[in-house]
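**Q** sequence first, predicted model second:
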Amino acid sequence: MLAPRTVLLALTVACGALADTPAASDVPGYFLNMLMWNGEASERYHGSPLVPAVLAAASSTVAATACPAPFFPVMSQCFWTSTSYKLSWDDARSFCQQMGGDLAEPLYLTALMVHLQNHYPAGKEFHLGASDLEKEGNWTYLSGRPVDPRGWMAGEPNDPAHDQNCLNFCFQGCRASYPPLNDQYCHREKNFVCEFFVA
């Protein structure tokens, strides 16, 4: 018999794949944080009005996200990860574009971390599609969406020389495992995450 925690995690991920509204898709994020993290790391979810979100999720009838191979679904997004070789941020972006996507802009950092930890348990660092190259200290994704400041590791971003300008997603090898965001040198060759943007 499966443990209740395992069942709840499976239902949470399945719910995320079916959700198509911001309120509905926040429900899996809430439960993933409750399952994975304690204290301040999940505090932002505790104040969410869950009942309307649960009702919205329950009424959702859309199909799960369909990702073209070799991309895989995480919640409502499609990702592909490079783990066998490493590239600079610029080269990683070019690689992702040649796959028909771009460097990833994850909406749900916890959900992506769960997937990466399940498939790549060794310590990893991944380039993501955000930087402050246009304006120092103004961290935005390639789409223009701002990076959520609650996603940074404690003490990050820390860039006194103004030369750590690319976003790095890091776990199980960094100073902290959650939150996972870190500012990194763009020229450093790292693994990376590509995203295929579903219309």
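**A** Nice, thanks for sending it over. Numbering: from 1, shown residues only.
**Q** contacting residues for the residue nearest to residue 148 when sequence neighbours are not counted?
**A** The shortest distance from residue 148 to any non-neighbouring residue, by Cβ to Cβ, 6 or more residues apart in numbering, is to residue 109 (7.9 Å). (Each C-beta comes from the backbone N, C-alpha and C, glycine too.) Neighbouring residues of residue 109 by Cβ atoms under 8 Å, 6 or more residues apart in numbering: 148, 151, 169, 179-181.
**Q** what does residue 72 give?
**A** Taking Cβ under 8 Å, 6+ apart as the contact definition, residue 72 lies against 78-80, 115.
**Q** give me the distance between residue 140 and residue 180.
**A** Residue 140 sits 18 Å away from residue 180, going by Cβ to Cβ, to the nearest Å.
**Q** between these two, which has more neighbouring residues?
**A** Neighbours of residue 140 and residue 180, each counted by other Cβ atoms under 10 Å, are more numerous for residue 180; the result is 25 against 18.
**Q** for the more buried one, give me phi and psi.
**A** phi -100, psi 0 (degrees, to the nearest 10).
**Q** wait, it touches residue 154, no?
**A** No. Here residue 180 lies out of contact with residue 154, judged by Cβ atoms under 8 Å, at a distance of 11.5 Å.
**Q** brilliant, that's me finished.
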